[in-house]
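**Q** Quick check, what structure comes out for this input:
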Amino acid sequence: MKVDPRFLANEGREVFGGNELLVKGCLEVPGGVHLYTGYPGSPVATFFDTLGSIKNLLNKHGIRAMQANNEALSVAAVNGSQMAPLRAITAFKSVGLHVAADALALGNLAGPHPDGGAVIVCGDDPWCDSTQVPADSRFLCEHLRMPVIEPGTAQEMKDWIAASFAISQRAQLYIGYIVTTTLADGGGSVTPRANHYPEINMHQRLTLESDKIDLQRVLLPPKTVYRELGIASRHATAVTVARELGVNRIIRAKAQAAAPIGFITTGMSRAYLEQILNDVGLAQAFPILNMGMPYPCDIELVRQFSGMCQTMIVIEERRSFLEKNIRDGLFKELPPNVASDIAGRMCGKMFPTFKNVNEMRPGIPETRGLNPSVLAQLILPLLQSCEEIPYEKRNGKLTEALNLIKETGKRKLEVLGNAAAVTLSAVSDDKINLRLATFCPGCPHRDSSAALLELRKNLADPKYMQRWHKRGPVDLVAHGDTGCYTMLMFTPTEQLMHNYSGMGLGGGTGSGIDPFIKNKQIVFMGDGTFFHSGAVAISHAIKSGQDLTFIILENGTTAMTGHQEHPGTELDVLGNDTPLQRIDNIVRAMKGSVGDLHVVKMSPADRDKYYNVLERTILRDGVKVIIADKECAITYFRRKGKEERAEIKKHGFLPTKSHMNVTHEVCEHCLECTKQTACPGLTVIDTDYGKKIDTDLT
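**A** Numbers count the residues shown, from 1 in each chain. From the prediction side, this is the model:
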């Protein structure tokens with residue numbers, strides 16, 4: 001397989017996706033990057049798919065690319081790489097930073113190898129559309145004393161990988177590299193640079209001289225204290241290097257005189273701001289201090305910038321991080337009178353009105369994210385109230401732009417949905433039908449969820465329970481977990497997810513309530529989640545004597561992030577053969593010599609048999625594990641499609657093709673199928689006998 005020529009380009013212009021830019025940026029790092037690792041999650045999941053797409057290039061140059069079982073293990077791998085002069089990068093989503101924090105705290109304090117480097121990519125979702133909790137990874141990076149880099153354009157996203165490794169090496173710190181959804185899922189046209197490949201690699205290994213290993217990096221007290229004393233000087237070096245490399249820089253206005261307003265930006269806020277100013281004819285009218293590294297903060301650069309403008313507006317997504325660090329740094333590094341003057345002229349989360357210096361109003365929001373439209377509604381009134389801006393500007397394009405925003409804001413969509421869904425108020429006739437997140441058509445998880453909905457109903461029926469089990473009704477409690485099956489939280493399956501504590505933690509959640517309730521309990525778990533951290537939860541449940549049924553949905557891939565591999569698959573991220581680890585064998589080995597552990601593995605496709613096994617198993621006491629073994633529909637039909645194309649190529653036609661259809665003559669339009677499954681592969685059609693359910697073959 002040939003290597004995509006974009007990843008070999010060293011001049012001209014090329015178009016890359018956001019996560020592709022991370023990989024190309026690594027390839028361009030002087031001296032090369034030796035280790036690529038991490039754990040997939042939105043918005044950085046395709047980082048791993050990109051590595052797989054250029055596996056020939058990586059293998060040729062002996063570059064190690066691997067997906068870790070979880071985020072903590074990926075950082076541990078980075079820590080291990082720093083025993084030698086190696087550069088390593090890991091990537092995961094924002095909540096993965098929580099998982100990895102223990103290893104990062106130690107790794108960053110110890111620091112990378114003097115000739116190495118470590119970059120930690122955190123995929124943040126400012127709008128919180130695909131992430132469990134609102135995240136701002138910058139704060140956790142600060143807690144870990146790890147410098148933060150925030151690229152704001154496609155070019156910066158690629159180029160600042162090399163800059164981050166340079167800062168990491170010279171400052172002897174790990175670098176937190178914040179990539180937001182807009183950047184990661186986006187991309188753009190960039191100027192590529194030449195690739196560099198590591199001299200030390202899997203083809204050219206070295207021998208560590210163990211007696212020369214720096215044991216001061218083994219951080220336990222009292223060594224930890226001495227290492228911490230050097231953090232301030234290491235941070236100072238990071239600030240110096242960031243300024244040298246242009247990560248932090250002042251973009252001067254055209255006019256030489258002090259401007260009425262100056263903007264301090266980080267991340268994508270500068271790109272949004274520049275678009276707005278360009279649209280209203282005020283491009284380069286105001287100086288901009290772009291702080292690509294908001295922590296630690298370059299206070300000297302802020303001091304210089306403060307002399308170029310009267311009022312400074314800090315623009316950043318999410319909470320006050322850059323603004324907070326500037327204020328803290330001002331009073332820490334400058335004389336009190338100078339610090340007070342600069343801080344008094346700086347705003348961010350609150351804006352001045354200019355008409356009354358003592359009056360403030362809400363500024364940049366602390367919740368959700370930014371985009372040009374959101375920012376324009378905040379910035380344009382601010383500019384319009386600034387009398388230093390020429391009258392014709394304030395009442396020309398500024399007024400026109402504000403009127404356009406107000407007019408478009410009057411039209412809102414009414415979202416039609418059920419009571420369980422969030423609805424938006426409407427002031428117009430524009431309406432759309434609400435479509436909740438759900439499993440793909442053909443998803444094997446729907447076999448389990450539909451069966452559990454029916455089982456839950458039967459278990460709660462006193463007559464059913466007395467007739468078949470000679471006992472009273474059972475109210476089933478379901479603990480939440482992370483995977484495709486997290487969508488159980490939506491109608492019609494919301495009663496299959498009563499809580500949520502994070503990835504692999506459903507069983508642990510159950511251990512907190514189990515001693516105090518009589519209910520039978522279940523938790524769904526995917527095979528990717530099992531290898532991430534779920535196996536620990538099962539062990540914990542056995543040890544603590546829980547009455548809990550784990551339903552492991554083994555679909556043969558890490559489907560929730562785009563079909564990456566895991567230890568239960570035969571291939572790694574680069575397509576190499578690896579040992580296959582069987583979940584049922586691992587679980588059975590947890591039983592030990594004492595106690596009872598019931599393990600069943602079967603396909604949920606045989607609905608009646610599967611239902612009966614579920615019922616008998618859940619009603620047993622103790623820890624039970626049911627492994628629902630059925631391949632992900634997407635990977636199944638990809639494989640079947642490939643086989644069919646080969647058949648057509650061989651015979652010129654496809655001998656047989658099977659479809660699942662609804663028989664309209666017997667459909668009563670009772671909607672039980674839609675109520676139980678919410679399958680998007682079902683649709684309503686008009687027939688001579690009225691409305692019927694049909695299969696949408698698209």
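**Q** Next, count neighbours for Met346.
**A** 19 (other Cβ atoms under 10 Å). All C-beta atoms are positioned from the backbone trio N, CA, C, and that covers glycine.
**Q** pretty sure it contacts Gln310?
**A** No. Counting by Cβ atoms under 8 Å, Met346 does not reach Gln310; the two are 10.9 Å apart.
**Q** list residues touching both of these two?
**A** Residues touching both Met346 and Gln310 (Cβ atoms under 8 Å, 6 or more residues apart in numbering): there are none.
**Q** list the contacts for the residue lying closest to His203 once chain neighbours are set aside?
**A** Nearest residue to His203 in three dimensions, chain neighbours excluded: Gly62, at 3.9 Å (Cβ to Cβ, 6 or more residues apart in numbering). Neighbouring residues of Gly62 by Cβ under 8 Å, 6+ apart: Pro198, Asn201, Met202, His203, Gln204.
**Q** Now, of those, which are buried?
**A** Buried members of those, counted by 16 or more other Cβ atoms under 10 Å: Pro198, Asn201.
**Q** possible to save the contacts of Gly62 as a markdown table with distance to Pro335, secondary structure and pLDDT?
**A** Below are the contacts of Gly62 laid out as a markdown table (distance: Cβ to Cβ, whole Å; DSSP: H, G, I helix; E, B strand; the rest coil; pLDDT from 0 to 100):
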| residue | distance to Pro335 | secondary structure | pLDDT |
| --- | --- | --- | --- |
| Pro198 | 47 | coil | 98 |
| Asn201 | 52 | coil | 98 |
| Met202 | 55 | coil | 97 |
| His203 | 57 | coil | 98 |
| Gln204 | 54 | coil | 97 |
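**Q** Distance to Ala259 for the contacts of Gly62 - can I get that in CSV?
**A** Listed next are those as CSV, based on distance: Cβ to Cβ, whole Å:
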residue, distance to Ala259
Pro198, 46
Asn201, 51
Met202, 54
His203, 56
Gln204, 55
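**Q** Please identify which helix or strand holds the nearest residue to Pro296 once chain neighbours are set aside.
**A** Nearest residue to Pro296, sequence neighbours excluded (Cβ to Cβ, 6+ apart): His235, at 4.1 Å. According to DSSP states H and E, His235 maps onto helix 231-244.
**Q** Need the contact partners of that helix.
**A** Contacts of helix 231-244 (Cβ under 8 Å, 6+ apart): 109, 111, 145, 147, 149, 163, 166-167, 170-173, 248-249, 292-293, 296-298, 301.
**Q** change it to 10 Å
**A** 108-109, 111, 145-149, 160, 163-164, 166-173, 175, 227, 247-250, 291-293, 295-301, 329 (Cβ atoms under 10 Å, 6 or more residues apart in numbering).
**Q** Filter those down to the buried ones.
**A** If you count burial by 16+ other Cβ under 10 Å, the buried members of the contacts of helix 231-244 come out as 108-109, 111, 145-149, 160, 163-164, 166-173, 175, 227, 247-250, 291-293, 295-299, 301, 329.
**Q** quick check, nearest of the contacts of Gly62 to Asn555?
**A** Of all the contacts of Gly62, Met202 has the smallest distance to Asn555: 31.5 Å, by Cβ to Cβ.
**Q** In contact with that closest one, which residues are there?
**A** His34, Leu58, Asn59, His61, Gly62, Ile63, Arg64.
**Q** Now do the phi/psi pair for it.
**A** Main-chain torsions, Met202, degrees, to the nearest 10: phi -70, psi -20.
**Q** Between the contacts of Met202, identify the one with the most neighbours.
**A** His34 (26 neighbours).
**Q** Which residues are in contact with that residue?
**A** 26, 61-64, 81, 84-89, 116-117, 197-202.
**Q** Which of the residues you listed fall in strands?
**A** Under the assignment DSSP state E, those contribute Arg64, Arg87, Ala88, Ile89, Gly117 to strands.
**Q** Quick check: bridge partners of the second one?
**A** As for beta bridges, Arg87 partners with Gly117 under DSSP bridges.
**Q** since we're on it, how many residues are nearby?
**A** Arg87 has 27 neighbours, counted by other Cβ under 10 Å.
**Q** Model confidence score at it, please.
**A** Here the pLDDT value assigned to Arg87 is 98.
**Q** Next one: it relative to Leu35, how far apart?
**A** With the distance defined as Cβ to Cβ, to the nearest Å, Arg87 ends up 8 Å from Leu35.
**Q** intersection of neighbour lists for the two?
**A** Common contacts of Arg87 and Leu35 (Cβ under 10 Å, 6+ apart): Cys26, Val78, Ser81, Gly116, Ala118, Pro198.
**Q** Which residue is the nearest non-sequential neighbour of the third one?
**A** Nearest non-adjacent residue to Ser81, counting by Cβ to Cβ, 6+ apart: Ala88, 4.2 Å away.
**Q** Then the fifth one?
**A** Distances taken as Cβ to Cβ, 6+ apart place Tyr174 nearest to Ala118, at 4.4 Å, with adjacent residues excluded.
**Q** quick one, phi psi at the one you found?
**A** phi -80, psi 150.
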